[in-house]
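Participant: Turn this into a structure:
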Amino acid sequence: MAIKKSEIYGQIWAACDKLRGGVEPARYKDYILTLLFVKYVSDRYRSSDNWDIEVPKGGSFDDIVKLKYKKNIGEGINIVIGKLAEENELKGIIDIADFNSEELGSDKEAVDKLSGLVEIFQKPELDFTNNRAGGDDILGDAYEFLMRKFAQDSGKSKGQFYTPGEVSRIMAKVIGISTATDSGMTVYDPACGSGSLLIRAADEASCDITIFGQEKDNATAGLARMNLVLHNKGAGEIARGSTISSPRYKNEYNPELLKTFDYIVVNPPFSDKSWMDGIVVPDIYRRYSQTDFGVPPEKNGDYAWLLHVLKSLKPTGKAAIILPHGVLFRGNSEADIRKKIIDHGYIKGIIGLPANLFYGTGIPACIIIIDKEGAAGRKGIFIIDASREYVKDGNKNRLREQDIHKIVATFQSMDESDPKYARFVPNREIKDVNEYNLNISRYIDSSEPEEIQDISAHLNGGIPAADIDRMEPYWKVFPSLKAVLFRPLKGKYYIPQVKKADIVKVITLHEEFLQHAKLVEDAYWNWKNEVKPILMDLTDAKPPKVLIEHISQKLLNYFSGVPLLDKYEVYQVLMDYWAETMQDDVYVVCYDGYVAGRAISYDYVTKKKKENGQTVVVRTGKVKGYEGKLIPKGLLEAHYFGLEVKAMDLLRGKCGGITKRLSELVEENSGENGVFFELDSLKRQTAATRIKLIKNDPSAKGELDILKEYCRAIRSGSQCKNRIETVREGFG
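Facilitator: Have a look, this model is predicted:
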């Protein structure tokens, strides 16, 4: 049965909860991602003959399961992972985490913690036997989800191993890698971190492009290698070491030349102050030489990375590199390098991004798009200022689906329709007017116009004509509505001629407004009628990611001709619904068809018992409930049992009222004069009388008669207070 993304995400994050207390959050990934990797390759190895990873005897997740609740579980897991690593030349990559570490707790604590962790990965929600469907990678996306969460938790100094997926997608699209037609073509990330950016770029290609990456940090390079395998890209290469001082990819015929690539994407560490460690200037690869582009400043490595990219590109190569805004306008040696790069025509475009997008820094950054093909005849640079379009997400900013699509569509079409967002800047303006300064604000004024205060209007009344004129886009669509709402007052002022309470009614009933509403409605129904047959015929031959791209583009096309509405806002509504609800359902249908069955939830109980003199752990699950895998129970109840559901809701309401009244009665009758106080007294007196009866005390008979009267009085309730008082006196 298909796995829903939300179920995978929930279970894997629950695994992280098992490690809380003792293990540093930054180290969660070492344990969780390793177990995730072992579980995934074990499941896939069982279900596929064509698989990149060989799972040896004693090196599978099943062997880890056998270690649950045994004293040597930590050491045993290390051995199992070691066998898997050795069989597949993954030593030092997947065996970095030490499952026998003291940070997991004392002996019993570590055993329980690791056993609980293994049990989470045993759950049906994490059965990866058949998790893929035609190019969609649910587990790869889950891995990305974890990397993002770990980057958020790790803080500023540790976040650079992950490039936000939204930025990665933009970079992959703007370099045009989708036009790659040959598996011999190459994509390279010289600072690949966990490999997410590199994989996004490779996914965008229309063929299985060849992958290369290099990462300085050994542990992070291991994450990248695992990431490639989990995304079915195990043939990709990840080299270790410093790209600047020790580049691993060199020309096969001349080791003093760098290997060149068709496409490069990179998010290097910003403003690296130690980039020159191990470098001799001029370096043997001619990246940093006064006779070439120049030498970057000693304490800032931004241009060191850009020059490495230029040297690593083929003559027709294309690249996208993320750098801080300072590279666009800083002076001295950087200004000289920038001038030479611009004169060569290598920069095709610049995209200004919002601040606080990245986990490693809060400063604003930009994407510089390099294209060597046609550089000699390039007439200028296409610049986009996307710095104002984002959404707050916790303590970070995040690009929405509409922001991503708008950036990519604007760049690919070189759309200059909104001069406050994007424009093509000719070389003359860059070189002669601005002296090679590429600061985005020099070319695009995205600031909001200052609101002008009209003192005369404040003092004498009336609405300034300038304020009315600012609504010109609306008057173009509703030309006669302006005269309905306002009339000239004097000079350049207007006065409303509709009461405030009637404004909405007047507008919504106006013929021109109704015509516009019909335009909106027609756009929606035309889109729905076109995509409905597609959604009613889902199969595993139609990858969900391709599907949503197709139907969302259709939505944009239909709403592009509707004035006043932002088509990207409409697009965002669909994409939000896709992320929250629709994608899980589409994945289920693509995998299992429309008869998707049910999901069963369990309460698990773990017990130990003796078998043949040994302690064996038995885990049993008691069914807790059922939920439709595709159609939720609530939807079926509302559709088929609407009247019964309403009746039950009514009874639940009455039950709630009765419960509330009972609580009030208990509170009212708990004092000294209350019934419950009397009952407590009765219990105490009954106990004392019972003792007397046992001892044959002659006074017991009389007390027993009084107690009977006492009970009758209490049963009669508050109307018999006097009788209760009389009974009390009988006891003195």
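Participant: give me every residue that touches the residue nearest the centre of the chain.
Facilitator: Centrality entry for the chain: nearest residue to the mean C-alpha point is F145, 5.9 Å, by Cα atoms, centre = their mean. With contact set as Cβ atoms under 8 Å, 6 or more residues apart in numbering, F145 has these partners: 9, 12. Where you see a C-beta, it was placed from the backbone N, CA and C, and this is true even at glycine.
Participant: make it 10 Å
Facilitator: Residues near F145 by Cβ atoms under 10 Å, 6 or more residues apart in numbering: 5, 8-9, 12-13, 165.
Participant: Including secondary structure and distance to K646, could these go into TSV?
Facilitator: Compiled in TSV, the contacts of F145 are given as follows (DSSP: H, G, I helix; E, B strand; the rest coil; distance: Cβ to Cβ, whole Å):
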residue	secondary structure	distance to K646
K5	helix	34
I8	helix	36
Y9	helix	35
I12	helix	39
W13	helix	37
G165	helix	44
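Participant: Same list, those residues, but as JSON lines with neighbour count, distance to A376 and pLDDT please.
Facilitator: Output for those, formatted as JSON lines (neighbours: other Cβ atoms under 10 Å; distance: Cβ to Cβ, whole Å; pLDDT from 0 to 100):
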{"residue": "K5", "neighbour count": "18", "distance to A376": "47", "pLDDT": "67"}
{"residue": "I8", "neighbour count": "22", "distance to A376": "50", "pLDDT": "74"}
{"residue": "Y9", "neighbour count": "17", "distance to A376": "49", "pLDDT": "76"}
{"residue": "I12", "neighbour count": "23", "distance to A376": "50", "pLDDT": "76"}
{"residue": "W13", "neighbour count": "16", "distance to A376": "52", "pLDDT": "77"}
{"residue": "G165", "neighbour count": "19", "distance to A376": "35", "pLDDT": "84"}
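Participant: Same list (those) but as TSV, adding distance to D98.
Facilitator: Converted to TSV, these look like this (distance: Cβ to Cβ, whole Å):
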residue	distance to D98
K5	31
I8	26
Y9	26
I12	21
W13	22
G165	30
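Participant: about what we covered before: mind checking the SS state of the residue nearest to the centre of the chain?
Facilitator: helix (DSSP: H, G, I helix; E, B strand; the rest coil).
Participant: For N526, see how far away it is.
Facilitator: Plainly put, F145 is 35 Å away from N526 if you go by Cβ to Cβ, to the nearest Å.
Participant: Does C192 touch I211 like I think?
Facilitator: Yes. At 9.3 Å, C192 and I211 qualify as touching, with contact defined as Cβ atoms under 10 Å.
Participant: Need the residues touching each of these two.
Facilitator: Joint contacts of C192 and I211 (Cβ under 10 Å, 6+ apart) are 198-199, 228, 236, 238.
Participant: sorry, back to before: per-residue pLDDT of the residue nearest to the centre of the chain, please?
Facilitator: F145 carries a pLDDT value of 74.
Participant: Please apply the same query to the one 10 residues further on.
Facilitator: Looking at G155, its pLDDT is 50.
Participant: Show me where the stretch 251-400 of the chain dips below the pLDDT cut-off.
Facilitator: Within the stretch 251-400 of the chain, the segments meeting pLDDT under 70 span 360.
Participant: What segments of it are helices?
Facilitator: In the stretch 251-400 of the chain, the helices defined using DSSP state H, counting those that start in this stretch lie at 302-311, 333-344.
Participant: need these in JSON lines with distance to R428 and mean neighbour count, can you?
Facilitator: Below are the helices of the stretch 251-400 of the chain laid out as JSON lines (distance: least, Cβ to Cβ, whole Å; neighbours: other Cβ atoms under 10 Å):
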{"stretch": "helix 302-311", "distance to R428": "24", "mean neighbour count": "24"}
{"stretch": "helix 333-344", "distance to R428": "12", "mean neighbour count": "17"}
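Participant: now the strands for the stretch 251-400 of the chain?
Facilitator: Assigned by DSSP state E, counting those that start in this stretch, the strands in the stretch 251-400 of the chain fall at 261-266, 313-324, 347-352, 365-371, 380-385, 391-393, 396-398.
Participant: Pick the most deeply packed of those strands.
Facilitator: For the strands of the stretch 251-400 of the chain, average neighbour numbers computed from mean count of other Cβ atoms under 10 Å are highest in strand 261-266, which has a mean of 26.
Participant: quick one: it to chain centroid distance?
Facilitator: Put simply, strand 261-266 sits 25 Å off its chain's centre (Cα atoms, centre = their mean, to the nearest Å).
Participant: Also stretch 299-315?
Facilitator: Using Cα atoms, centre = their mean, the mean C-alpha position of stretch 299-315 is found 31 Å from that of the whole chain.
Participant: for that stretch, how far is the first residue from the last?
Facilitator: Taking Cα to Cα, to the nearest Å, the first and last residues of stretch 299-315 lie 30 Å apart.
Participant: Repeat that for stretch 382-395.
Facilitator: 31 Å.
Participant: How about stretch 285-305?
Facilitator: From its first residue to its last, stretch 285-305 covers 13 Å (Cα to Cα).
Participant: Can you give me the buried ones in that stretch?
Facilitator: Under the neighbour-count criterion of 16 or more other Cβ atoms under 10 Å, stretch 285-305 has 285, 287-288, 293-297, 300-305 buried.
Participant: Just give me the closest of the residues you listed to L564.
Facilitator: Nearest to L564, judged by Cβ to Cβ, of the buried residues of stretch 285-305 is D302 at 42.4 Å.
Participant: pretty sure the closest one is touching I321, no?
Facilitator: Yes. Under the criterion of Cβ under 10 Å, D302 makes contact with I321 at 9.4 Å.
Participant: list residues touching both of those two?
Facilitator: Counting by Cβ under 10 Å, 6+ apart, the contacts common to D302 and I321 are 268, 327.
Participant: can you list contacts of stretch 553-563?
Facilitator: Under the contact criterion Cβ under 10 Å, 6+ apart, stretch 553-563 has outside partners 402, 405-406, 409, 473-474, 476-478, 516, 519-520, 522-528, 530-531, 534, 565-571, 573-575.
Participant: PyMOL command for the buried members of those residues?
Facilitator: Buried residues within the contacts of stretch 553-563, by 16+ other Cβ under 10 Å, are selected in PyMOL with:
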select buried, resi 402+405+406+478+516+519+523+527+531+567+568+570+571+574+575
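Participant: Relative to L313, which of the buried residues of stretch 285-305 is nearest.
Facilitator: Among the buried residues of stretch 285-305, R287 lies closest to L313 (Cβ to Cβ), at 11.9 Å.
Participant: Tell me how far that closest one lies from G234.
Facilitator: Applying Cβ to Cβ, the value for R287 to G234 is 31 Å.
Participant: before we move on, the earlier item: columns distance to R652 on top of the helices of the stretch 251-400 of the chain, output as JSON lines?
Facilitator: Shown next, in JSON lines, are the helices of the stretch 251-400 of the chain (distance: least, Cβ to Cβ, whole Å):
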{"stretch": "helix 302-311", "distance to R652": "63"}
{"stretch": "helix 333-344", "distance to R652": "70"}
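Participant: out of those helices, nearest to I548?
Facilitator: Nearest to I548 among the helices of the stretch 251-400 of the chain is helix 302-311 (32.1 Å), distances taken as Cβ to Cβ.
Participant: list the helices and strands the closest one packs on?
Facilitator: On a contact count with 3 or more Cβ pairs under 10 Å, 6 or more residues apart in numbering; DSSP states H and E, helix 302-311 meets strand 261-266, strand 313-324, helix 333-344, strand 365-371.
Participant: which helices and strands sit right next to the second one?
Facilitator: So that's strand 313-324. helix 165-174, strand 186-189, helix 196-204, strand 261-266, helix 302-311, strand 347-352, strand 365-371.
Participant: what lines up beside the shortest one in the sheet?
Facilitator: The one in question is strand 186-189. In the sheet, strand 186-189 lines up against strand 210-215 (parallel), strand 261-266 (parallel) (DSSP bridges).
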